[in-house]
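[1] How does the following fold in three dimensions:
(4 chains)
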There are 2 protein chains.
Amino acid sequence: MSIATASKALNGRDQVAPATRERVVRAAEQLAFSPNQQAQSLVAGRTGTVGLLTSDLEGRFVIPILMGAEDAFGAGQVNVFLCDARGDTIREQHHLRALLSRRVDGIIVVGRQTDPRPTLGADIPVPVVYAYAPSDSPADVSVTPDNYSGGRMALEHLLACGRTRIAHVTGDPGYIAARDRADGVLAAAHDAGIELVAEPMFSEWSERWGRAAADMLLERHPDIDGIVCGSDQIARGVLDTIRDRGRTVPDDVAVIGYDNWEVLTTNARPELTSIDANLQQLGRTAALRIFDAIEGKPATPGTDHLPVRLVIRGSTIARR
Amino acid sequence: MSIATASKALNGRDQVAPATRERVVRAAEQLAFSPNQQAQSLVAGRTGTVGLLTSDLEGRFVIPILMGAEDAFGAGQVNVFLCDARGDTIREQHHLRALLSRRVDGIIVVGRQTDPRPTLGADIPVPVVYAYAPSDSPADVSVTPDNYSGGRMALEHLLACGRTRIAHVTGDPGYIAARDRADGVLAAAHDAGIELVAEPMFSEWSERWGRAAADMLLERHPDIDGIVCGSDQIARGVLDTIRDRGRTVPDDVAVIGYDNWEVLTTNARPELTSIDANLQQLGRTAALRIFDAIEGKPATPGTDHLPVRLVIRGSTIARR
DNA sequence: CTGTTAGCGCTTTCAC
DNA sequence: GTGAAAGCGCTAACAG
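    Residues are numbered from 1 along each chain as shown, chains lettered A, B, ... in the order given. Now for the predicted structure:
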C-alpha cells in the first residue's frame, strides 16, 4: 500500500478502488491518524488560518466579532489566531509579522472605538479587513456599525412611545461614535419637527456622568419625558438619578441606552431598552469579505456601515 | 549563494563569514523576505502555537487569561488559536481535532465557572492545562482561583474595618464558586469568634437578587453593618437597596463584592471594594505549565488554587 | 566557511 | 487503479 494511494483514499479522490479506500479508512481510524495540517498547508499554499489583530483590551467588542467570524468560516474549517496589541504600535507590528510568517490567509483588524485607525499599509500580502474601527485609508476594506442610524433609531423609538420633550446625554466628544450618534438623534428630531429640550450633552462614558447630567436636566427641564443616552453606562446613571428624584421610568421619563451590554441592560431597574450594534453580524461580514478576497473575488474598498437594531425593554415600554 | 548558507546566515548559525551574512541579511530585507513558519515547523517538529479552547461566551474570563498567556509565552513567539465551543461538546471535539491536526504544541482549556469540567481525556498527544474550570480528572493539570481564600479575605477585610454584624449574600448554590466563597466567609467568621447575622443567602448572580436580599436583611437585622457579596452584580443590587432605604455606605453598612469587574465596581456609588481573581496571573501560570510540559519537565498533576487579591474602594473605607 | 544532500508529511502529476 | 517521483520551503548533517 503506497502512501500516495492512502492520501487519495482519505481525500476522496476518485481514482481509488472502493475496497482499497475501505481498508485505508479503517487503518487510519485504528491509528487515530490525523493528517498534519502543516504539511498539507505547505503544499496547498494556504493555511486555513486567519489572524485577528485587536487592541480591545476588555474584549467587549472583539469576542462577538470573533464568534461571528468563526460562524462564517465554519467551525474548525478555519482557525483564528487572536493577538492583542494592547494599543501599542510596536506590539502590533510584531504580531503582524508573526501572523504573516505563519502564512495566515487573511487578517481582521478590530479596534475598540469607531474612530478610523491608521492603516496597516497597502503592502500586506494577504487580504485585510478592518472591523469596528475602520481604516483611515479609503483603499482598505472596513466594516463598522452605523452609529448615525443608531442615533436616529433611538430617537424615533422615543417618538413612537409618544415622547416629545427629549434630551440626549452622551460620552466623550473625542469619539466619533458620540458625534455620529448625536447627529442621528438631532436629524431624527429635526425630521419629526421637534427640538431637543437641550443641546446634546457630551462628557465621558460613565455612570457618574449619566447621574450628573440627569440631575441637571431634571432640574432645568422638569417636564422632560425622554432621554437618549450614548451608552448603557450613561443610561444606568440616568436611571439612578431619575429614581432618586422620585420620578418613574418609563411613565414619567423613558430612557434608552446604547450598546446593549447585557450585564448592564438586563440588571437595570427597569430593564434597559438599548441599541445593539449587531457585532456578531459584523464579525460574520468581515469574515465573508476576507473569504471573498481569498477566493480572488475583487474587493470593494471603502467603509461599510452595518445596520444596528433596537432592543426594547422596560425602560421605554412598561411591562405588565 | 546557496539556500542553505542563507538559512544559516539568517538564523545566526556561526559557520558563516560576516561578509556573507551581511549580504544575505541585506538581500532578505530588500525582498521583504519572511521565513515560512509552516515549513520551519514541519522540520522542527513544533509549531510555536497553542490552542485556547473555551466555552466562555462573554469572554469575561477568557480575555485576561489569554493576555496572561500571551505575556508568558512572549508576544509573537507563540501564537494562540482561540476557539469558542459555546458550551457544546460536539463543537468542542471538533475544535480539539482541528487544533491537533494543526499540531499545536499545547492546549489551554478555559471554563466559565470554577466547577470541575469533564476532562478531554488522557490520550491527547500534547500537554493540556485547564484554567479557571479545573478538570474532573486528578491526572490532569488544572489552575483555578482560590475562592475559599477569597471568601475569607472578604470577611477579614470587613472585620478589619470594625464590622461585626455581617451577612453573606451570594449566587447560585449550584456553583461551587458560591459554596467555596461561602465556606471561606464562614470559616473566617468562626476564627474571629463571631457569627453571621444570618445564614449565607444563595439564589442567583444578579443585581435583582442583591436588591431583594438586602431588603430582607435590613428589615430583619436593622443593625447590620457589613455585607459580603458573592459577586459584583449582587453587590451593585445591595448598594442600591441600602441607598434606597436611606442608609449610607460605608458609614452604616460596608459592602464588598467579588470578581472586581471594572465596569461594575468603578461605576458604583460609592466605588465597590472587591476580590480580584488575578485572572491574568492565572493565564500566565497556565502558560508556564504548558511551557514546562513542552520542554519535557515532569508535570505535577492536580488542581492548583491560585491566590486572589483584595481591591479596596469606597464601599468599605470612605474616601476623603 | 560554503555547498550538496536528505528529509520533515503530504499531495499531485504521470507512468505503469 | 496503483505506485514511483518530484516538490511545497526550510534546516541539519556532512563533504568539500
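[2] okay, the residue in the stretch 101-250 of chain A positioned nearest to chain B: pLDDT?
    Per Cβ to the nearest Cβ, the residue of the stretch 101-250 of chain A with the smallest distance to chain B is A:Glu207, at 3.9 Å. For every residue, glycine as well, the C-beta is placed using N, CA and C. Predicted confidence (pLDDT) for A:Glu207: 97.
[3] Show me what from the stretch 151-300 of chain A comes close to chain B.
    Proximity of the stretch 151-300 of chain A to chain B, by Cβ under 8 Å from any Cβ of the partner chain, involves residues A:206-208, A:211, A:233, A:236-237, A:240, A:261-264, A:267-269.
[4] what ranges do the strands span in the stretch 1-150 of chain A?
    A:49-54, A:79-84, A:106-110, A:128-131, A:141-145 (DSSP state E, counting those that start in this stretch).
[5] ok now the fourth one, how far from the chain's centre?
    Relative to its parent chain, strand A:128-131 has a centroid offset of 12 Å by Cα atoms, centre = their mean, to the nearest Å.
[6] I'd like to know which elements it is packed against.
    Here strand A:128-131 touches strand A:106-110, strand A:141-145, helix A:279-294, going by 3 or more Cβ pairs under 8 Å, 6 or more residues apart in numbering or on different chains; DSSP states H and E.
[7] which residues of the stretch 1-150 of chain A score low on pLDDT?
    Where the stretch 1-150 of chain A drops to pLDDT under 70, the residues are A:75.
[8] same thing but at 90, please
    By pLDDT under 90, the weakly predicted segments of the stretch 1-150 of chain A are A:1-4, A:8, A:11-27, A:30-34, A:55-61, A:70-71, A:73-77, A:86-87.
[9] Outside of the strand or helix carrying A:His190 itself, which residues are in contact with it?
    Per DSSP states H and E, A:His190 falls inside helix A:176-192. With contact meaning Cβ atoms under 8 Å, 6 or more residues apart in numbering or on different chains, helix A:176-192 is reached by A:113-116, A:147-156, A:159, A:166, A:168, A:170-173, A:195-196, A:200, A:202, A:228, A:230, A:258.
[10] show me what contacts the closest residue in space to A:Asp88 that isn't next to it in sequence?
    Closest residue to A:Asp88 apart from its sequence neighbours, by Cβ to Cβ, 6 or more residues apart in numbering or on different chains: A:Ser55 at 7.9 Å. Going by Cβ under 8 Å, 6+ apart, A:Ser55 touches A:Asp84, A:Ala85, A:Arg86, A:Gly87, A:Asp88, A:Glu92, A:Val110, A:Gly111, A:Arg112.
[11] Test my guess that the residue of the stretch 101-250 of chain A closest to chain B contacts A:Leu239.
    No - counting by Cβ atoms under 8 Å, A:Glu207 does not reach A:Leu239; the two are 9.3 Å apart.
[12] before we move on, the earlier item: ChimeraX command for the buried members of the residues of the stretch 151-300 of chain A next to chain B?
    Per 16 or more other Cβ atoms under 10 Å in any protein chain shown, the buried members of these correspond to this ChimeraX selection:
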select /A:206,207,208,211,233,236,237,240,261,263,264,267,268,269
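[13] Just the ones in helices from the residues of the stretch 151-300 of chain A next to chain B, please.
    Using DSSP state H, the subset of those located in helices is A:Glu207, A:Arg208, A:Arg211, A:Gln233, A:Arg236, A:Gly237, A:Asp240, A:Glu262, A:Val263, A:Leu264.
[14] how about CSV for those residues, with distance to DNA strand C added?
    Supplementary listing: these in CSV, determined by distance: Cβ to the nearest atom of the strand, whole Å:
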residue, distance to DNA strand C
A:Glu207, 55
A:Arg208, 58
A:Arg211, 61
A:Gln233, 51
A:Arg236, 54
A:Gly237, 58
A:Asp240, 60
A:Glu262, 43
A:Val263, 45
A:Leu264, 48
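[15] which among the residues you listed gets closest to A:Met1?
    Nearest to A:Met1 among these: A:Glu262, at 55.3 Å, using Cβ to Cβ.
[16] From DNA strand C, how far off is A:Val16?
    Between A:Val16 and DNA strand C the computed distance is 10 Å (Cβ to the nearest atom of the strand, to the nearest Å).
[17] measure that residue to A:Val25 for me?
    Remark: distance between A:Val16 and A:Val25 (Cβ to Cβ, to the nearest Å) = 10 Å.
[18] Look up the closest residue to the closest residue to DNA strand C within the stretch 101-250 of chain A, ignoring the ones flanking it.
    The minimum distance from the stretch 101-250 of chain A to DNA strand C, using Cβ to the nearest atom of the strand, falls at A:Arg103 (13.5 Å). Of all residues not flanking A:Arg103 in the chain, A:Thr47 sits nearest, at 5.0 Å (Cβ to Cβ, 6+ apart).
[19] got the residues of chain A near DNA strand D?
    A:1-5, A:8, A:15-17, A:19-20, A:39, A:42-43, A:45 (Cβ under 7 Å from any atom of the strand).
[20] coming back round to it: relative to B:Pro250, which of the strands of the stretch 1-150 of chain A is closest?
    strand A:79-84 (35.8 Å).
[21] List the contacts of the closest one.
    Contact with strand A:79-84 is made by A:48-57, A:62, A:66, A:69-70, A:73, A:95, A:98-99, A:102, A:104, B:49, B:52, B:66-67, B:70, B:75, B:79-83, B:98-99, B:102, as judged by Cβ under 8 Å, 6+ apart.
[22] Can you turn the buried part of those into a ChimeraX selection?
    Buried residues among those (16+ other Cβ under 10 Å), as a ChimeraX selection:
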select /A:48,49,50,51,52,53,54,55,56,62,66,69,70,73,95,98,99,102,104 /B:49,52,66,67,70,75,79,80,81,82,83,98,99,102
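[23] if I look at A:Ser315, how far off is A:Leu158?
    A:Ser315 is 11 Å from A:Leu158, by Cβ to Cβ.
[24] Need the residues touching each of these two.
    Common neighbours of A:Ser315 and A:Leu158, using Cβ under 8 Å, 6+ apart, are A:Ala254, A:Ile256.
[25] quick revisit: turn the helices and strands packed on strand A:128-131 into CSV, including distance to A:Arg309 and mean neighbour count.
    Output for the helices and strands packed on strand A:128-131, formatted as CSV (distance: least, Cβ to Cβ, whole Å; neighbours: other Cβ atoms under 10 Å in any protein chain shown):
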stretch, distance to A:Arg309, mean neighbour count
strand A:106-110, 20, 26
strand A:141-145, 10, 24
helix A:279-294, 9, 22
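[26] and those as TSV, adding distance to B:Asp123?
    TSV is the format used below for these (distance: least, Cβ to Cβ, whole Å):
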stretch	distance to B:Asp123
strand A:106-110	34
strand A:141-145	42
helix A:279-294	33
